[in-house]
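Peer 1: just need the structure, nothing else, for what follows:
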Amino acid sequence: QVQLVESGGGLVQAGGSLRLSCAASGRFFSINDMGWYRQAPGKQRELVATISSGGSTNYADSVKGRFTISRDNAKNTVYLQMTSLKPEDTAVYYCNADRKLTYYSAPVRDWGQGTQVTVSS
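Peer 2: Down below sits the predicted model:
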């Protein structure tokens with residue numbers, strides 16, 4: 001199993017910035033895609049951004065141009081740089097990692113415990 005530990009959440013004013021980090025540890029052969037999702041109160045969890053092991057990225061339309069996802073494969077860590085934050089970005093942010101136990105095994109998705117991001121107006 002992989003443990004994902006997130007950090008960097010907090011309270012920020014609208015227009016401000018935050019950087020989230022998520023470090024993966026445990027037993028695995030490789031980690032494929034990593035990503036960030038978020039869930040606001042009363043809403044379903046939604047995709048924020050994903051990044052492949054090769055660095056290809058995908059963003060939700062609502063965060064394009066404001067958020068940047070990156071990763072350090074040597075550290076098994078994914079980052080989310082968030083700028084120009086809006087009150088509607090307030091949510092619990094969860095990272096995920098698709099890990100493989102062996103070369104031949106199918107990827108399995110693990111989730112972090114979540115970190116709260118609150119943007120005040």
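
Peer 1: could you export stretch 107-116 as PDB, CA atoms only?
Peer 2: Extracted as PDB, the C-alpha positions of stretch 107-116 are listed here (Å, rounded to 0.1, in the frame of the first residue of the first chain):
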ATOM      1  CA  PRO A 107      -2.400   0.300 -11.500                       C
ATOM      2  CA  VAL A 108      -4.300   0.800  -8.200                       C
ATOM      3  CA  ARG A 109      -5.400   4.300  -7.100                       C
ATOM      4  CA  ASP A 110      -4.500   5.500  -3.600                       C
ATOM      5  CA  TRP A 111      -5.800   8.700  -1.900                       C
ATOM      6  CA  GLY A 112      -4.400  11.100   0.600                       C
ATOM      7  CA  GLN A 113      -6.300  12.200   3.700                       C
ATOM      8  CA  GLY A 114      -7.100  15.600   2.300                       C
ATOM      9  CA  THR A 115      -6.000  19.100   3.200                       C
ATOM     10  CA  GLN A 116      -8.400  22.100   3.700                       C
END
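
Peer 1: what mean pLDDT does it have?
Peer 2: For stretch 107-116, the mean pLDDT works out to 95.

Peer 1: also stretch 6-16?
Peer 2: Regarding stretch 6-16, the rounded mean pLDDT is 97.

Peer 1: can you give me the first-to-last residue distance of that stretch?
Peer 2: 20 Å (CA to CA, to the nearest Å).

Peer 1: what sits up against that stretch?
Peer 2: Stretch 6-16 has contacts (CB atoms under 8 Å, 6 or more residues apart in numbering) with 18-22, 84-87, 93-95, 112-121. C-beta: built from backbone N, CA, C; applies to glycine.
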